[in-house]
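Engineer: can't give you the sequence, but here's the structure:
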């Protein structure tokens with residue numbers, strides 16, 4: 001991705017430097033903390049597409065375990081993180097409800113990898129995202145959002161419950177913490193590099 005500036009004399013664009021952009025997806029079930037994580041780590045004010053939950057949507061979307069939730073993401077969350085002066089990470093949070101899953105295919109185009117954010121109180125909600133990335137061979141890791149009052153499980157027990165490969169990273173996190181969110185993204189990039197080995201990273205433009 002090239003960023004150009006205008007030449008004051010001629011008005012024509014002039015490329016100052018080459019920038020690389022890395023696209024990462026953040027997926028998971030409804031109310032798992034995706035919007036919170038994007039907001040915690042983004043260096044810009046995140047773009048959000050949240051709408052209030054209506055009586056109609058409550059009949060469709062289960063709020064068991066997240067009864068206090070009053071809004072839902074209907075398209076995506078978007079944030080940006082500068083890793084270096086020439087390397088920018090774009091983070092796209094996907095909608096959690098099934099009726100908005102059609103957005104995933106658009107958001108997945110050009111993605112380097114993905115984070116599946118999971119809630120141990122509702123692990124089954126993670127299966128659609130895991131299945132999606134496995135079928136499309138998009139590298140991903142699982143991040144367990146440690147909600148207050150939720151039972152803590154050993155990561156290997158979670159691996160068995162989700163039927164994950166032995167080498168796939170599972171990390172504990174707090175979606176409200178900027179440092180915790182950074183650790184998740186670092187873990188994902190490391191996993192992608194290990195998976196890709198010497199192959200070109202198609203998610204870098």
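Structural biologist: Happy to help now that I have it. Note that this is a predicted model, so its numbers are computed, not measured.
Engineer: and the strands in the protein?
Structural biologist: Per DSSP state E, the chain carries strands over the ranges 2-6, 13-18, 20-28, 47-52, 71-84, 87-93, 113-118, 140-145, 170-173.
Engineer: between the lengthiest helix in the chain and strand 20-28, how many degrees?
Structural biologist: Looking across the chain with DSSP state H, the single longest helix is helix 178-196. Angle, helix 178-196 to strand 20-28, by axes from the mean of the first three to the mean of the last three Cα atoms, to 10 degrees: 110 degrees.
Engineer: list the buried residues of helix 178-196.
Structural biologist: The neighbour-count check on helix 178-196 (16 or more other Cβ atoms under 10 Å) flags 180-181, 183-185, 187-189, 191-192 as buried. The C-beta positions use only the backbone N, C-alpha and C, and glycine is treated the same way.
Engineer: okay, those residues in JSON lines with pLDDT and distance to residue 44 next?
Structural biologist: Listed next are the buried residues of helix 178-196 as JSON lines, based on pLDDT from 0 to 100; distance: Cβ to Cβ, whole Å:
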{"residue": "180", "pLDDT": "94", "distance to residue 44": "19"}
{"residue": "181", "pLDDT": "93", "distance to residue 44": "14"}
{"residue": "183", "pLDDT": "93", "distance to residue 44": "20"}
{"residue": "184", "pLDDT": "94", "distance to residue 44": "19"}
{"residue": "185", "pLDDT": "91", "distance to residue 44": "16"}
{"residue": "187", "pLDDT": "93", "distance to residue 44": "23"}
{"residue": "188", "pLDDT": "93", "distance to residue 44": "20"}
{"residue": "189", "pLDDT": "90", "distance to residue 44": "20"}
{"residue": "191", "pLDDT": "94", "distance to residue 44": "25"}
{"residue": "192", "pLDDT": "91", "distance to residue 44": "23"}
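Engineer: okay, now the residue nearest to residue 47 when sequence neighbours are not counted: neighbour count?
Structural biologist: In space, and not counting its chain neighbours, residue 47 is closest to residue 78: 4.0 Å by Cβ to Cβ, 6 or more residues apart in numbering. Neighbours of residue 78 under the rule other Cβ atoms under 10 Å: 17.
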